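Student: When you get a sec, could you give me coordinates for this:
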Amino acid sequence: RIKARELSERLELADFSVREEDEDLASHSNELSPRRNGPIGDVEDEHSADWDRADRERKRDASKNLLLLDVRDAHEFEECNIKSAIHFPLVNVNQDRLTTTMLRFKNHPGKLLVVYDEDERIAAVAARSFVEKGFENIRLLTGGLRTFGNVLPHLLNGVLPERLAK
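Tutor: All right, here's what the predicted structure looks like:
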């Protein structure tokens, strides 16, 4: 299983995770923070451009190491999905219609496949099928789209359906 906030840290477009990480780094080490408090308030560090570039590269690399699979029906996916998710219905998993990308991700160190649906029912079956096919780096999104969308709505394409809202 993977929780919504942990997944958000891995998504390329996750502004939330960047803010949270910046706060954590600033509280642990002023040397790593792109800004530091000076005698006249916040002062831009001479390395902030390097910091920003490194952060963008880290996010880009993180997104390359994550494959997010939405196993719901096509109309549900079109209505609302997590940014960077790929529509991959359960029937494709059950019929061994795996993509070359999925096969490249299979058990690759540092790569992670995450499956989700609305509330874990269908995705749990999909995750189990992936495990039966030998995938060890598969995770189920805890609480599914319902939990993720209520906690991190800015990381959705579309609007969370009312049936899934708190």
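Student: CA only for contacts and neighbour counts going forward, please
Tutor: Will do.
Student: What residues of the helix or strand hosting V93 count as buried?
Tutor: Using DSSP states H and E, the element containing V93 is helix 90-94. Using 16 or more other Cα atoms under 10 Å as the test for burial, helix 90-94 gives 90, 93.
Student: And the contacts of that helix?
Tutor: 71-72, 98, 122-123, 126, 129-130 (Cα atoms under 8 Å, 6 or more residues apart in numbering).
Student: What of stretch 106-125?
Tutor: 2, 65-72, 90, 102, 105, 126-127, 134-147, 164.
Student: From those, which land in strands?
Tutor: 66-70, 138-140 (DSSP state E).
Student: Now list the buried members of these.
Tutor: Going by neighbour count (16+ other Cα under 10 Å), those have 66-70, 138-140 buried.
Student: counting contacts, what elements does whichever strand or helix holds R5 pack onto?
Tutor: Counting by DSSP H and E, the element that carries R5 is helix 4-10. With contacts taken as 3 or more Cα pairs under 8 Å, 6 or more residues apart in numbering; DSSP states H and E, helix 4-10 sits against helix 15-28, helix 48-64, helix 144-151.
Student: For stretch 74-91, buried residues please.
Tutor: Judged by neighbour count using 16+ other Cα under 10 Å, the buried positions of stretch 74-91 are 77, 80-85, 87-90.
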